[in-house]
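coordinates for the following, if possible.
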Amino acid sequence: MMWRSAALSGLVALVLVSLCDVVATAQCNEPDCSKAKFNYDQSSCLGPASWPDITPCWSTCSGSRQSPVNIRRNDATSRTSLGVFSFNIGPQQPFQVSTTIDGFKTNSKVSTTDHVVLSDVTQFGLSGNSFRLDGFHFHAGKFNNAKGSEHSFDGEFQPMELHMVFYNTKYPDISAAIQQSDGLLVIGVLAQVFDRARPSPFPGCVHTFQRTLSRVLMDSLKDKNPKSGKSCEETVDSTLTLQDLLPADRESYYTYEGSLTTPPCSETVTWIVMKCPIVVTKSVLRRFKRLEISKNGERLGVHGSRRPVQRGKNHTPFVLLKNF
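Down below sits the predicted model:
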């Protein structure tokens, strides 16, 4: 009887292993785009290197104008004719945002009653278009790793990066705009953490310590636990201004044509990466990395939430402009 029991146990174990393999394969190859999942684990079949192969509608993730990029300052062509973009509201005018957290995806959506619109964008054939702010989110790196931004300047990264996502107002919403070549515009702002001892790698930039943004983020990231089953549903409402999100120098930027940095990696984004960073508290970075992103207790800082640089590591094989 003992050998039969052992054999049966072995058979059960083999079946379970086989089932696990099937489940893993199903997750790694999902024909239904709406069910596809991804993560930032470099060793996983769901990690950044495998995004183009997970599901057919993510094949663009291996395209020729992918983001983020390394911004090689000396390779940028100065075009002062680009001028300065403008907004329909003043830098201190408040607007409402609602923040939700779904795993490693955090998103702060601007209220539908608030219209924050960017205009005077002239690069890449966008003259005459205006873009509405849909929302913003952050990216960060692993625990005990200062590399957290997605874009880099001359190979140097910062602890976090803010992305303000706009869509072209000629389209009804962001879902429609994402399909169009002139549909999206994203302002990227690198974020440092407050540290008096560390010299700034951004010469000529004034430290812009974002106290209000830091407080709002601390409130939004508080007590988010996927085990409760409620984290995807909970929202935190806050009030912010453009001054809270952008550096003191709101005029100087780099710009290039790129993509979303998460699947489906749509190559419909005009990127504006601000020349100067903002500064947030160390507590914000710590709390962000400690977000529980799965029901098994995994925290964001295990693998981070940043896509590796796609272009510009050693040279700049694309048009990179600056307006200063």
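
quick one, helices of the stretch 201-324 of the chain?
Ranges of helices in the stretch 201-324 of the chain, per DSSP state H, counting those that start in this stretch, are 211-220, 242-245, 282-289.

apologies, that question was intended for the stretch 1-150 of the chain.
Taking DSSP H, counting those that start in this stretch as the test, the helices found in the stretch 1-150 of the chain are 2-28, 51-54.

which stretch in those helices has the least confidence?
Among these, helix 2-28 has the lowest mean pLDDT, at a mean of 45.

leaving out chain neighbours, which residue sits closest to V121?
F85 (5.4 Å; CB to CB, 6 or more residues apart in numbering). For the C-beta atoms, the positions are set from N, CA and C on the backbone; glycine is no exception.

so what's that neighbour up against?
Contacts for F85 (CB atoms under 8 Å, 6 or more residues apart in numbering) come out as 118-121, 272.

that one and L285, how far apart?
28 Å (CB to CB, to the nearest Å).

what of Q158?
Q158 is 10 Å from L285, by CB to CB.

overlap in contacts of those two?
Joint contacts of Q158 and L285 (CB under 8 Å, 6+ apart) are G148.

tell me where the stretch 51-200 of the chain has strands.
According to DSSP state E, counting those that start in this stretch, the stretch 51-200 of the chain carries its strands in the segments 70-71, 77-78, 86-87, 95-102, 105-110, 117-119, 131-140, 152-153, 160-168, 184-193.

lowest mean pLDDT among the helices and strands, pick that one out for this structure.
Taking mean pLDDT, DSSP states H and E as the measure, the helix or strand of the chain with the lowest value is helix 2-28, at a mean of 45.

flag the shaky bits of the stretch 51-200 of the chain, pLDDT-wise.
For the stretch 51-200 of the chain, the stretches with pLDDT under 70 are 197, 199.

the stretch 201-324 of the chain too?
In the stretch 201-324 of the chain, residues with pLDDT under 70: 223-233.

kindly export stretch 111-121 (C-alpha atoms) in PDB.
Written as PDB, here are the backbone C-alpha positions of stretch 111-121 (Å, rounded to 0.1, in the frame of the first residue of the first chain):
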ATOM      1  CA  SER A 111     -12.100  65.700 -12.400                       C
ATOM      2  CA  THR A 112     -14.300  65.800 -15.500                       C
ATOM      3  CA  THR A 113     -15.600  69.200 -14.400                       C
ATOM      4  CA  ASP A 114     -12.100  70.700 -14.400                       C
ATOM      5  CA  HIS A 115     -10.600  71.500 -17.800                       C
ATOM      6  CA  VAL A 116      -6.800  71.800 -17.700                       C
ATOM      7  CA  VAL A 117      -5.700  72.400 -21.300                       C
ATOM      8  CA  LEU A 118      -2.300  72.800 -22.800                       C
ATOM      9  CA  SER A 119      -1.700  74.700 -26.000                       C
ATOM     10  CA  ASP A 120       1.000  76.600 -28.000                       C
ATOM     11  CA  VAL A 121       2.700  73.300 -28.900                       C
END
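
and the contacts of it?
83-89, 95-98, 110, 127, 129-133, 166, 169, 185, 187, 242, 270.

please, a PyMOL command that selects the buried ones among those?
When burial is assessed using 16 or more other CB atoms under 10 Å, the buried subset of these is captured in PyMOL by this command:
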select buried, resi 85+87+95+97+98+110+129+130+131+132+133+166+185+187+242+270
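
skipping adjacent residues, who's closest to H151 in space?
P68 (4.5 Å).

which residues touch that neighbour?
150-152, 188, 258, 261, 307, 309-310.

now it. Its backbone dihedrals?
phi -80, psi 170 (degrees, to the nearest 10).

any figure for the gap between it and Y256?
P68 is 10 Å from Y256, by CB to CB.

again with V269
9 Å.

again with M164
For M164, the distance to Y256 (CB to CB) stands at 16 Å.
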